[in-house]
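Student: Using only what follows, build the 3D model:
(one chain, ligands or ions: 1)
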Amino acid sequence: MTDKIADAVSRRRTFAIISHPDAGKTTLTEKLLLFGGAIQLAGEVKAKKNRVQTRSDWMNIERERGISVVTSVMTFEYGDHVFNLLDTPGHEDFADDTYRTLTAVDSAIMVIDAAKGIEPRTLKLFEVCRLRDIPIVTFVNKLDRESRDPFEILDEIEQKLALDTAPVTWPIGRGKSFVGTYNLANNTMRRSDDDVEPIAVNGPESDAVAGLLPEHEREMLVEEMLLGKEACRPFDMQAFREGHLTPVYFGSALRNFGVRDLIEALGSFGPAPRAQDADSRRVEATEEKMTSFVFKIQANMDPNHRDRIAFVRVCSGKLQRGMKAKLVRTGKPISLSAPQFFFAKSRITADEAFAGDVVGIPNHGTLRIGDTLTEGEELLFRGVPNFAPEILRRVRLGDAMKAKKLKEALQQMAEEGVVQLFTPEDGSPAIVGVVGALQLDVLKERLKIEYSLPVDFEMARFSVCRWISSDEPGEVDRFIASHRGDIARDLDDDPVFLAPHEFGLNYEADRWKAVRFATVKDYQ
Ligand code: G4P
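Tutor: Just a heads-up that it's a prediction; the model follows:
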C-alpha cells in the first residue's frame, strides 16, 4: 500500500441519500453541494434537471410526471474530505436502479420529514441498507415547520426500524421559533449554517441558547433539550458502523439549519471506503492494484452525443486515465482513455481515482451492469442485484422486417438495466420484465427515439419469473426438459421459470424440492 493511496482512501466518503419523495432530498443535495463549492447558487440542481429535460426527448416522461429517472453522481470537497454523493431516482418504479446504486456506497443519509416521520419508501430503502449493513446518519428535516416532538420522532425510528438512535444535535425551538441547533455531545450551537464554527455555550439553559427562544415557549423547550441531553443514548461509533445505531441531526435544509452539522458528521463518523467481497477473496480499499465494478449504465446524459456512460465504483488501488484494465467477464482488455468525474454542473476528465470514487467511463456497449475491472486479476465482485420483475410483457412490433434491429435494441436496453430481457426456449418472441410500469414507458420512448422502433406491449401469459438453480447435478436440466414452454434465458443465458401466477409457481416448487426458485440474482 502506498501512502498516497492510504491517504486518499481515508479522505473519501461515498454515500447516498434515502428518503420518501418530498422529504427534502433535492433541497438537501443542493445545500450539500453548495458547501462543497460544487454549485454557486442553491436551486441549480433543480434548474439543471429542467435543462436536461428540455433537451432530451425521452426524458419528457420525467418532466410530464414530475419524477426523476436519472441517477448520477456528484463529487465535492468539504474540510479534509472528498464526498461522492450517489443520487438515486425518487420514484419507486425505478427501485432496482436505486438498489444497485446502494451497492456502491459506504454510508447513507436518511432524510425524514419532521411532521411525517418514517414513510413507506424510507422504510423500504432502509431495509435495503440494513441487508448490506450500511451505516446510516439520520437528518430530520423541515423543523422550521409545524413538526412532531423530537422524542416522538426518535421513538418512531426505534420502533419502526428497530434501530437505536443517538441524537447528536437537538433543535433550538421548532416551527416559527426554530433558531438553530444545539450539540448535545459537546455543548456547542449553531444559529444557522452561516455559523461556520460552532459556538461554545454553557448548556441549553444558558442565555446564549435559551435567550434565542420566545419567552412563552422557553421553559418547555429548554426542559426538552435538557431531557434530550440526559435521557438519550450517547453516540457509539462501533454500533453505528455495524448498522445498529443511527446518529440523529435535526434541521431545515430549506432554511439553512443543521446541514453543516450533518456534513461534518459524515466527515468525522462516516466510514471510509470499505473492503469489498469478491468471489475469490476480500479486497481491501488500500490495496495497490485497481479493482472496480459497474453498478449503473446511463445513456443519453448528453443527448447531443448519444453517449453511454458506465458508472464504475473503484474498490481498490488507483484508476488512472489511459490505463488498460481487464474486463473480467470477457477476459479482454479495455482502455480507460477518458474516465470522468461528475459535479453538479459539469464533468471533467478524471486523471486518477481511488477507492470510493465513482467515475464515468464512456463506452459503446462494452460494459454491462455488474462487470468487474481489474489490473489482470481474475476476480468478480458479486452483489449487484437483479430483482425478479413484477411485470412481464411481450414486445409487439408493427414492422416484422425490423425484428433483428429490435432484438439488438432490447439487448442493449437490458445491458443498461432499463429492462430485463428473457428469451423463451420455445422460440417465441422475447419477453421484457420490469419492476415498475414507468420503466416500460421509458423503454417505449427510447426505442422510438433512439432506434426508430415504434412498439407496443402485449400481456404475456406469465406474470411470475424466477431464476432456477439446484445443488443436485442434472436437476435443473430435468426441470427444464419437463417445462420447456415455460423456460426462458436471461441476458447471461441463465434459465428462468415463467409461471402464470404465484399459485403455479408454488405448485412446481412443492413438486421440485431440489430446485431453487430465486427472486434475486446477482449480476454475473
Ligand atoms: P424530494 O427531493 O425529497 O422530493 O424533496 P424536495 O427537496 O424537492 O422538497 C420537497 C418540498 O419540500 C419542496 O417544496 C421543498 O422546498 C420543501 N422543503 C424541503 N426542505 C424543506 C425544509 O427544510 N423546510 C420547509 N419548510 N420546506 C422544505 P415544494 O413547494 O414542493 O417545491 P419548491 O417549489 O419549493 O421547489
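Student: So which bits of the stretch 1-150 of the chain are right by the ligand?
Tutor: Within the stretch 1-150 of the chain, the positions near the ligand by C-beta under 6 Å from any ligand atom are 19, 21-27, 90, 141-142, 144-145. Where C-beta positions appear, they are placed from N, C-alpha and C, glycine not excepted.
Student: hang on, Met220 is in a helix, isn't it?
Tutor: Yes. With the criterion set as DSSP: H, G, I helix; E, B strand; the rest coil, the secondary structure at Met220 is a helix.
Student: roughly how far apart are it and Leu154?
Tutor: In this structure, Met220 lies at 17 Å from Leu154, with C-beta to C-beta, to the nearest Å as the measure.
Student: about what we covered before: from the residues of the stretch 1-150 of the chain next to the ligand, which ones fall inside helices?
Tutor: Judged by DSSP state H, the subset of these located in helices is 25-27.
Student: Narrow these to just the buried residues.
Tutor: The neighbour-count test (16 or more other C-beta atoms under 10 Å) applied to those identifies 25-27 as buried.
Student: out of these, who's nearest Lys513?
Tutor: Nearest to Lys513 out of those is Lys25 (C-beta to C-beta; 44.7 Å).
Student: circling back: please, a PyMOL command that selects the buried ones among the residues of the stretch 1-150 of the chain next to the ligand?
Tutor: Only the buried entries of these go into this PyMOL selection, using 16+ other C-beta under 10 Å:
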select buried, resi 19+23+24+25+26+27+90+141+142+144+145
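Student: so which two of the residues of the stretch 1-150 of the chain next to the ligand are the farthest from each other?
Tutor: Using C-beta to C-beta, the two most remote members of those are Gly90 and Asp144, lying 21.9 Å apart.
Student: Under the pLDDT cut-off, which ranges of the stretch 51-200 of the chain? List them.
Tutor: Counting by pLDDT under 70, the stretch 51-200 of the chain contains low-confidence residues at 51-71, 90-91.
Student: Next one: Ala518, what pLDDT does it get?
Tutor: Predicted confidence (pLDDT) for Ala518: 92.
Student: Quick check: the gap between it and Ile468.
Tutor: For Ala518 relative to Ile468 (C-beta to C-beta), the value is 8 Å.
Student: And these two? Which one has more around it.
Tutor: Taking Ala518 and Ile468 together and counting by other C-beta atoms under 10 Å, Ile468 has the greater number of neighbours (20 against 14).
Student: check contacts around that one.
Tutor: Ile468 makes contact with 476, 479-480, 495-497, 515-518 under the criterion C-beta atoms under 8 Å, 6 or more residues apart in numbering.
Student: cutoff 6 Å now
Tutor: 476, 495, 497, 515 (C-beta atoms under 6 Å, 6 or more residues apart in numbering).
Student: Which residue in the ones in helices among the residues of the stretch 1-150 of the chain next to the ligand has the weakest pLDDT?
Tutor: Taking these together, the minimum pLDDT is found at Thr26 (88).
Student: picking up where we left off before, top of the contacts of Ile468 by number of neighbours, please.
Tutor: Each of these was scored by neighbours using other C-beta under 10 Å; the highest score is Phe497's, at 24 neighbours.
Student: Would you list the phi and psi of it?
Tutor: With angles defined as degrees, to the nearest 10, Phe497 shows backbone torsions of phi -100, psi 130.
Student: wait, it sits on Arg466?
Tutor: Yes. Here Phe497 lies in contact with Arg466, judged by C-beta atoms under 6 Å, at a distance of 5.2 Å.
Student: What residues does the stretch 151-300 of the chain have near the ligand?
Tutor: The stretch 151-300 of the chain has residues 252-255 near the ligand, with proximity defined as C-beta under 6 Å from any ligand atom.
Student: And the residues you listed, which two are furthest apart?
Tutor: Ala253 and Arg255 (7.8 Å).
Student: neighbour count winner among those two?
Tutor: The neighbour comparison of Ala253 against Arg255 (other C-beta under 10 Å) goes to Ala253, with 27 against 17.
Student: May I have the residues that are in contact with Ile5?
Tutor: Counted by C-beta under 6 Å, 6+ apart, Ile5 has contacts Thr286.
Student: Look at it and tell me its secondary structure.
Tutor: Going by three-state DSSP, the secondary structure assigned to Ile5 is helix.
Student: Is Lys521 in a helix, a strand, or coil?
Tutor: strand.
Student: how many other residues sit next to the residue of the stretch 401-524 of the chain found nearest the ligand?
Tutor: At 15.9 Å from the ligand, Leu438 is the closest residue in the stretch 401-524 of the chain, using C-beta to the nearest ligand atom. With neighbours defined by other C-beta under 10 Å, the count for Leu438 comes to 19.
Student: which residues does it contact?
Tutor: Contacts of Leu438 were listed using C-beta under 6 Å, 6+ apart, and they are Asp93.
Student: element containing it, please.
Tutor: Under DSSP states H and E, the secondary-structure element containing Leu438 is helix 437-451.
Student: pLDDT averaged over that helix - what is it?
Tutor: The average pLDDT within helix 437-451 is 88.
Student: In it, which residues are buried?
Tutor: Using 16+ other C-beta under 10 Å as the test for burial, helix 437-451 gives 438-444, 446-447, 450-451.
Student: Using the three-state scheme, assign Leu410.
Tutor: Using three-state DSSP, the secondary structure recorded for Leu410 is helix.
Student: Go ahead and confirm it touches Leu421.
Tutor: Yes. Under the criterion of C-beta under 6 Å, Leu410 lies in contact with Leu421, with a separation of 5.2 Å.
Student: quick one: which of those two has more around it?
Tutor: Set side by side, Leu410 and Leu421 show unequal neighbour counts under other C-beta under 10 Å, the larger going to Leu410 at 24 against 21.
Student: tell me the contacts of the more buried one?
Tutor: 421, 430.
Student: try 10 Å this time
Tutor: Taking C-beta atoms under 10 Å, 6 or more residues apart in numbering as the contact definition, Leu410 lies against 395, 418-419, 421, 423, 430-432, 443, 447, 451, 453, 455, 491.
Student: cool, and Val168?
Tutor: 137-138, 181, 183-186, 232, 234-235, 247-250, 261-262, 265, 269.
Student: if we can go back for a sec, so for Met220 and Leu154, which residue has more residues nearby?
Tutor: Leu154 (23 against 9).
Student: Spit out the contact partners of Arg191.
Tutor: 172, 179-181, 199, 208-209, 212, 257.
Student: My guess is Ser280 contacts Leu379. True?
Tutor: Yes. With contacts counted by C-beta atoms under 10 Å, Ser280 reaches Leu379, the gap being 5.0 Å.
Student: neighbour count winner among those two?
Tutor: Neighbours around Ser280 and Leu379, counted as other C-beta under 10 Å, are more numerous at Leu379. The numbers are 16 against 10.
Student: Surely the more buried one is within a helix?
Tutor: No. Note on Leu379: no helix contains this position according to three-state DSSP, which reports coil.
Student: Much appreciated, bye for now.
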